[in-house]
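J.: generate a structure from the sequence data that follows.
(chains A and B)
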There are 2 protein chains.
Amino acid sequence: MTALPATPAPATSLPAAYLPGPVNPPARLLMGPGPIDADPRVLRALSTPLIGQYDPVMTGYMNDTMALYRQVWATTNEATFLVDGTSRAGIEAALVSLVRPGQRVLVPVFGRFGHLLTEIAHRAQAEVHTVEAPWGQVVTPAAVEEAVVRVRPHLLAVVQGDTSTTMCQPLEDLGEICARHGVLFYTDATASLGGNPFEADAWGLDAATAGLQKCLAGPSGSAPITLSPRAVEVVRARSRVEAGIREEGDADADDPIRSNYFDLGMILDYWGPRRLNHHTEATSMLYAARECARILLEEGRQAVIDRHALHGRAMLAGVRGLGLQVFGDVAHKMHNVVAVEIPAGLDGDAGRAAMLADFGIEIGTSFGPLHGRVWRIGTMGYNARQDTVLLTLAALEQVLRRGGVRVPPGGGVDAAYAVYDEVRAP
Amino acid sequence: MTALPATPAPATSLPAAYLPGPVNPPARLLMGPGPIDADPRVLRALSTPLIGQYDPVMTGYMNDTMALYRQVWATTNEATFLVDGTSRAGIEAALVSLVRPGQRVLVPVFGRFGHLLTEIAHRAQAEVHTVEAPWGQVVTPAAVEEAVVRVRPHLLAVVQGDTSTTMCQPLEDLGEICARHGVLFYTDATASLGGNPFEADAWGLDAATAGLQKCLAGPSGSAPITLSPRAVEVVRARSRVEAGIREEGDADADDPIRSNYFDLGMILDYWGPRRLNHHTEATSMLYAARECARILLEEGRQAVIDRHALHGRAMLAGVRGLGLQVFGDVAHKMHNVVAVEIPAGLDGDAGRAAMLADFGIEIGTSFGPLHGRVWRIGTMGYNARQDTVLLTLAALEQVLRRGGVRVPPGGGVDAAYAVYDEVRAP
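T.: The predicted structure follows:
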């Protein structure tokens, strides 16, 4: 028992009266590492009137959402749904539901979001082991397998696309390694899903989570998740129906998942045929998530990946055309974001501020060792387009020039055009 | 270590192709226990274009949101912000951040949502004690104090308004009891905030959480929270800055809060002056939460409570005017919801289905011992209005009549009119 601080004196003041106007943000083009501009169709879906959580129409929308995200994830997993929170909520739900305290988790770390997985796994009281690659590189399958053999983890947890470094960890060989050694295989695809190849079933994934605010062109606040039948079995072994709605014969594990909100078994009971009350579904965010998947599938999963590849290539060529150095192993870069070294002598934050204040374009900084060293420029979701790429390069040229950096006039835009012309050539 | 289920065979099939149309829900009037129809202003706020999470304009919106909710909660607590998830996420964030494993939590239980608090506290590995009242009643301050003295809890956690029974637990005497015995005082005000008196500071609360989908007239998916300076001290004692963004000298408690997503210290660092990255704020839901508070404060906090009281009284008179029995201790009913006994011989679910399918009006069922025994009818948020009350009573009369129940023709509407006429009389 920790002693409590002394009881405070009774309040004697009232909160300050303050009534600001409605939200009315300035025009922004969000070309950072995410969130990016939501597709206007998603914004319209968000403003759709609410219906009750057990309305048959709502049940239909929930079932639609499951069916749509099975296609997005490329999986036949029945357990494909949303966690009501940001992408990080999806990660925590997966880890806390799949891992018991004391179980070993192996995390390949090659950027800030690998550290996040270790952090969340630590909080879940897992025994956490890492296999590290320098920021700007990815981890080899051989290094992962070596660590799997050494650590014998219950779960391999790996970030697919780590926006802090822009690296995209190849996953296609890891499922087989996990299968060979009886390890559960989870990935955080928040930054990558939609813009880069992803094959939940073909790659042998047991669990994957994401968010809407990157290549899916929606707002942060809903976390798509998919669980293999094997992962569902693991979750179900700790099932519990909560007091207050429990009926005779209902499961009541003596070592339940150490979170109610993130208990994927309970969330499954809410999304599944039993429709047992858990949280009250975040209806507006479900509308948004459903529309994000609809937009992606209308264009076509491969077409969306190809579009991200094209505009990512154009942006990469463009920043090089401006004479900027690109950070990291470009062969393993995500399609949807590039990290460029801030030119010597230029204040990176001042450059970003000029982009935002004068041109209305947001680009990103980075974390930890890369803060102040690179800018991160995204081309994702709704903003993976030619006009956004050319505008960003045109504005960046001016900001660099006015900051005293020698830039080839038009060098960024010309290089991007060259990429587009190549694609359009007969 | 639990053995894993056998490795599944590689996937051989693709998910079914399915592309439904956009969300296009039928017209509904949501008169259940919540969620209810969002105010159209909130729906419009939801469709506002996104901006970056570190955009100075976004920082302003976050600060606005804090200032607005201080007024909603009637508190000067600096630590007043949003948890990105449904109301249940707010509860779990409060409990997991304020209570260490093994600490004692006392929960007055008088309905399903008291059970929920015990459930969440159990998951946080607290030692949970309860003081119970029969469903339909509230707990007396004397019973709470007796239990506080006996249990010596670290935290008293109590639901203010439990929609399962419609009861509103008086809180005004509990703060003093907690202060006397050195106990932290937390309440879940999800169902009650806005529609019933609430005074965070005057009542000596250390923590309170809510959701938007009841009297605040917004969608589920964002959880307003306020923490007293004393609660912040308790949270800060377990502070940790996460790996990947930690700098020299940053806190790194050896017994950190057992959730990353719900670590209120980290969420405070994100909302506070340091603006340390944690989750990516759910921008659209923040827009909604901000607009909910603006709407409430424009009308005036007391005026909104009075409006809920008036229309709640009219609905209560109306259902009685239809000859229906009201469940529970009406003197302690929340303003915004009433539970009516389903008349003998009528199938309650069929009655609700007729209300929804034929009249477009949703009313609620209940949980556990009350399922099939009562309907719950809400008058809250945007739907605490005369037209919604009269329409619901008019439709309910027809459904009862066609279900073979003897009802006084116009008995519900007349009784409600009588309440309104009384208010309007000179």
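J.: all helices of the stretch 151-300 of chain A, in order?
T.: Here the stretch 151-300 of chain A has its helices, by DSSP state H, counting those that start in this stretch, at A:174-181, A:229-236, A:264-271, A:283-299.
J.: want to throw these into a markdown table with mean pLDDT and mean neighbour count?
T.: Using the backbone N, CA and C atoms, a C-beta is placed for each residue, glycine as well. As requested, the helices of the stretch 151-300 of chain A are exported to a markdown table (pLDDT from 0 to 100; neighbours: other Cβ atoms under 10 Å in any protein chain shown):
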| stretch | mean pLDDT | mean neighbour count |
| --- | --- | --- |
| helix A:174-181 | 98 | 19 |
| helix A:229-236 | 97 | 19 |
| helix A:264-271 | 96 | 23 |
| helix A:283-299 | 98 | 25 |
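J.: strands of chain A, start to end?
T.: Here chain A has its strands, by DSSP state E, at A:29-30, A:79-83, A:104-109, A:127-132, A:155-159, A:161-162, A:167-168, A:184-188, A:207-209, A:223-227, A:337-341, A:361-362, A:374-378.
J.: for chain A, give me the ranges with low pLDDT.
T.: Applying pLDDT under 70 to chain A flags the ranges A:1-12, A:244, A:251-252, A:426.
J.: tell me, what residue is most central in it?
T.: residue A:190 (1.6 Å; Cα atoms, centre = their mean).
J.: wait, residue A:294 sits on residue B:19?
T.: Yes - using Cβ atoms under 8 Å, residue A:294 is in contact with residue B:19, at 6.6 Å.
J.: got any residues that touch both of the two?
T.: Common neighbours of residue A:294 and residue B:19, counting by Cβ atoms under 8 Å, 6 or more residues apart in numbering or on different chains, are residue A:68.
J.: near chain B, which residues of the stretch 301-426 of chain A?
T.: When proximity is defined as Cβ under 8 Å from any Cβ of the partner chain, the stretch 301-426 of chain A approaches chain B at A:356, A:362, A:367, A:368.
J.: neighbour-wise, which one of those leads?
T.: Within those, most neighbours by other Cβ atoms under 10 Å in any protein chain shown means residue A:362, with 25 neighbours.
J.: how near is the residue of the stretch 301-426 of chain A found nearest chain B to residue B:126?
T.: Closest to chain B within the stretch 301-426 of chain A is residue A:362: 4.6 Å, counting by Cβ to the nearest Cβ. Distance, residue A:362 to residue B:126, using Cβ to Cβ, to the nearest Å: 43 Å.
J.: same question, residue A:123
T.: Distance of residue A:123 to residue B:126, computed by Cβ to Cβ: 17 Å.
J.: same question, residue A:402
T.: Distance from residue A:402 to residue B:126, by Cβ to Cβ: 58 Å.
J.: those two - which one has more neighbours?
T.: Between residue A:402 and residue B:126, counted using other Cβ under 10 Å, the more crowded position is residue B:126 (26 against 11).
J.: would you check that that one makes contact with residue B:104?
T.: Yes - look at residue B:126 against residue B:104 with Cβ under 8 Å: they come within range, at 6.9 Å.
J.: near the closest residue to residue A:15 other than its chain neighbours, how many other residues are there?
T.: Using Cβ to Cβ, 6 or more residues apart in numbering or on different chains and skipping the chain neighbours, the partner closest in space to residue A:15 is residue B:70 (3.7 Å). For residue B:70, the tally of surrounding residues (other Cβ under 10 Å) stands at 23.
J.: contacting residues around residue B:70?
T.: Contacts of residue B:70 by Cβ under 8 Å, 6+ apart are A:15, A:16, B:76, B:77, B:80, B:226.
J.: those: which two are farthest apart?
T.: Farthest apart among the contacts of residue B:70 by Cβ to Cβ are A:16 and B:226. That separation is 14.6 Å.
J.: of these two, which one has the most company?
T.: residue B:226 (29 against 9).
J.: identify the residues contacting the nearest residue to residue A:403 once chain neighbours are set aside.
T.: Among residues not flanking residue A:403 along the chain, residue A:346 sits closest, at 4.7 Å (Cβ to Cβ, 6+ apart). By Cβ under 8 Å, 6+ apart, the residues touching residue A:346 are A:400, A:403, A:404, A:405.
J.: assess the claim that the third one and residue A:347 are in contact.
T.: No - contact criterion Cβ under 8 Å: residue A:404 and residue A:347 do not qualify, at 10.4 Å.
J.: domains in chain A, by residue range?
T.: Taking automatic domain parsing as the domain assignment, the ranges for chain A are A:40-297, A:301-424.
J.: so which of those domains is the most packed in?
T.: Per residue and on average, the most neighbours among the domains of chain A fall to domain A:40-297, with a mean of 23 (mean count of other Cβ atoms under 10 Å in any protein chain shown).
J.: pull the longest helix from chain A.
T.: The helix that spans the most residues within chain A, counting by DSSP state H, is helix A:301-321.
J.: what angle sits between that helix and strand A:337-341?
T.: Here helix A:301-321 runs at 10 degrees with respect to strand A:337-341, directions being taken by axes from the mean of the first three to the mean of the last three Cα atoms, to 10 degrees.
J.: so how far is helix A:301-321 off the chain centroid?
T.: Relative to its chain's centre, helix A:301-321 lies at 19 Å (Cα atoms, centre = their mean, to the nearest Å).
J.: cool, stretch A:287-304 as well?
T.: 16 Å.
J.: got a list of contacts for that stretch?
T.: Taking Cβ under 8 Å, 6+ apart as the rule, stretch A:287-304 contacts A:38-39, A:41-42, A:44-46, A:48, A:61, A:64-65, A:68-69, A:71-72, A:74, A:82, A:194-195, A:212, A:215-219, A:221-222, A:224, A:307, B:19-20, B:22-23, B:284.
J.: for residue A:99, give its distance to chain B.
T.: Going from residue A:99 to chain B by Cβ to the nearest Cβ, to the nearest Å gives 11 Å.
J.: how about that residue, what does it touch?
T.: Residue A:99 touches A:105, A:121, A:124, A:126, A:154, A:155, counting by Cβ under 8 Å, 6+ apart.
J.: list phi and psi for it.
T.: Main-chain dihedrals, residue A:99, degrees, to the nearest 10: phi -120, psi 130.
J.: can you tell me the closest non-neighbouring residue to it?
T.: Nearest non-adjacent residue to residue A:99, counting by Cβ to Cβ, 6+ apart: residue A:126, 4.8 Å away.
J.: doesn't residue A:312 make contact with residue A:379?
T.: Yes - using Cβ under 8 Å, residue A:379 is in contact with residue A:312, at 5.3 Å.
J.: returning to that earlier point: phi, psi of the residue nearest to residue A:403?
T.: Per degrees, to the nearest 10, the backbone of residue A:346 is at phi -100, psi 140.
J.: thinking residue A:162 is in contact with residue A:191, fair?
T.: Yes - counting by Cβ under 8 Å, residue A:191 is a contact partner of residue A:162 at 7.1 Å.
J.: shared neighbours, the two?
T.: residue A:113.
J.: quick revisit: figure out which of the domains of chain A is closest to residue B:97.
T.: domain A:40-297 (11.8 Å).
J.: span of that closest one from start to end?
T.: One end of domain A:40-297 to the other measures 16 Å (Cα to Cα, to the nearest Å).
J.: also stretch A:401-420?
T.: OK, stretch A:401-420 end separation, Cα to Cα: 25 Å.
J.: what's the spacing between residue A:278 and residue A:220?
T.: 21 Å.
J.: meant to ask about residue A:67
T.: Relative to residue A:220, and taking Cβ to Cβ, residue A:67 is found at 23 Å.
J.: one more: residue A:131?
T.: Separation of residue A:131 from residue A:220 (Cβ to Cβ) stands at 29 Å.
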